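Undergrad: predicted model follows, preceded by the sequence.
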Amino acid sequence: MKILILEDNEGLALLISEVVQDCGYKSHCITNGNEATKWLLENSPFFIIMDYSLPDMTAKQLVTQFKEMKIPLPPFMISTGQGDEKTAVEMMKLGAIDYIIKDRHFFEVLPLSIHRIAREIENERQKLIAQEKLLESERRFQKLFNTMNEGVILFDENTQILEANTAVQTIFGKNKSEIIGKKISELSLNVINLDSESNTLYTCPLLLVIREKKQINNYIIGLRRDNSGFSWLNVNTSPLTDETGTYIATFMDITQREEQLKKLQELSTTDQLTELHNRRYILETTKNIQNSSRRENKTFSIAMLDIDHFKKLNDKYGHLAGDEVLKKFSQTIRENLRSYDIAGRFGGEEFIIILPNTAKEEAAEILARILSTIRKTTICYKNSKIMMTFTCGIAESSEIENKEDTEQLIELADIRLYKGKSLGRDNIQLI
């Protein structure tokens, strides 16, 4: 796997390349943004180590350029000779996985960052593989006779059952003698048809296939059994092409699949490290709450939080210690919010909290309690005790002119967050 090194200082690029190779990866060096753009349009590196200040453009301009072209950029980290926190936050919001400063610790931090990023990329790849396997499993489920684990019956135009396999006996909760030779309506199955007022299998979809002489696929029914609970079934029916007047129906128990889909949805909306909601979920939820609050003429608040001096913590104790700080910080937030408040990781060490039906003054009281708890929290890492604080900016939905503009509300909270930083950090700003 190859890592692209985008660095205008050729000597430094060579040293970075040596670190990359020591980490077990190949490297490719480019010294300017235009050349990098051309190369990236034809190549896909494992990830990019990107100098923020290039001769012909900044890293922000390069990333923005790809976003405007709607071309996905490989994962990237930023290296810079200037420790500008505002720039760091901007780049993290644009998708940077990490942001490291070219100081005397640079070549100590770099390999740690490379290994951590590689782990995160691999974890994401494994997650995508798992998702694709689940989707492929669903596609297989939708094919007739893809596996005899499905319940299968053969029936005639009078809906009399001619044959039934072992799986359908389990699904129906009846033995073979209670199924074979019976009409479907005589099985006395307690069925919930989602698309019909009738509660019998006879009406649909099994009657539909007889009447229309064509496949009826992916018809969902609920089946309640007296002693063995409730199941969701995916029913597929079709005329048999080689036998006149004979039809086949398959019954797939998708109860477990529905549970898996629910778990998959949770994975897609959760930040893996902190177990808080991820940025995508938070933005969608903010938009939904903003719309409902506007319709109901209610107020809600947003708090933007940033862990103070997090980069210094990373540099001093290492990225693994930084991960522990992020996890403990997130846990403390969860434990001190109300049940209906929503917290998420916005990017890097920046977090966001949505407080429905809450004015900013009340939100400030809640955040003050959390800040007080955070100040008293000690993280024991190896032989070190790590303390932390955060700076917070709060914005209320009533403060913006366009009540539908989510970005404007978040930006207002962000502005107040940076005001808090300029005032020495470890504080909460409302104006």
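TA: It's in.
Undergrad: what's the burial count for Tyr25?
TA: By other CB atoms under 10 Å, the residues close to Tyr25 number 17. In this view, the C-beta of every residue, glycine as well, is placed from N, C-alpha and C.
Undergrad: nope, Ile379 is what I was after
TA: Using other CB under 10 Å, Ile379 is surrounded by 17 other residues.
Undergrad: strand partners (parallel or antiparallel) of the helix or strand containing it?
TA: In this structure, Ile379 is located in strand 378-381 according to DSSP states H and E. For strand 378-381, the pairing partners within the sheet under DSSP bridges are strand 384-387 (antiparallel).
Undergrad: mind listing what's buried in the partner strand?
TA: Judged by neighbour count (16 or more other CB atoms under 10 Å), strand 384-387 contains these buried residues: Ile386.
Undergrad: next one: it to chain centre, how far?
TA: Distance of strand 384-387 from its chain centroid, counting by CA atoms, centre = their mean, to the nearest Å, is 31 Å.
Undergrad: and the contacts of it?
TA: Counting contacts by CB atoms under 8 Å, 6 or more residues apart in numbering, the residues outside strand 384-387 that touch it are 313, 317, 321, 324-325, 375, 377-380.
Undergrad: what's the average pLDDT for that strand?
TA: Averaging the model's pLDDT scores along strand 384-387 yields 93.
Undergrad: got the CA coordinates for the following helix or strand past it in CSV?
TA: Going down the chain from strand 384-387, the next helix or strand is strand 390-396, by DSSP H and E. Written as CSV, here are the backbone C-alpha positions of strand 390-396 (Å, rounded to 0.1, in the frame of the first residue of the first chain):
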residue,chain,number,x,y,z
PHE,A,390,-13.1,22.2,27.8
THR,A,391,-14.3,25.4,26.2
CYS,A,392,-17.9,25.8,25.1
GLY,A,393,-19.9,28.1,22.9
ILE,A,394,-23.8,28.0,23.1
ALA,A,395,-26.3,29.3,20.5
GLU,A,396,-30.0,29.4,20.8
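Undergrad: who does strand 390-396 touch, helix- and strand-wise?
TA: strand 301-307, helix 360-375, helix 406-422, strand 428-429 (3 or more CB pairs under 8 Å, 6 or more residues apart in numbering; DSSP states H and E).
Undergrad: one more pass at 6 Å, please.
TA: Strand 390-396 makes packing contacts with strand 301-307, helix 360-375, helix 406-422 when contacts are defined by 3 or more CB pairs under 6 Å, 6 or more residues apart in numbering; DSSP states H and E.
Undergrad: residues of that strand that come out buried?
TA: Of the residues in strand 390-396, 390-396 count as buried by neighbour count, 16+ other CB under 10 Å.
Undergrad: what mean pLDDT does it get?
TA: Per-residue scores along strand 390-396 average to 97.
Undergrad: for the remainder of this discussion, apply numbering that starts at 48.
TA: Shifting the count to begin at 48 puts that one at strand 437-443.
Undergrad: before we move on, the earlier item: for Asp318, find the nearest of the helices and strands packed on strand 437-443.
TA: Between Asp318 and the helices and strands packed on strand 437-443, the shortest gap by CB to CB is with strand 348-354, which sits at 14.1 Å.
Undergrad: next, the angle from that closest one to strand 437-443.
TA: 160 degrees (axes from the mean of the first three to the mean of the last three CA atoms, to 10 degrees).
Undergrad: alright, calling it a day.
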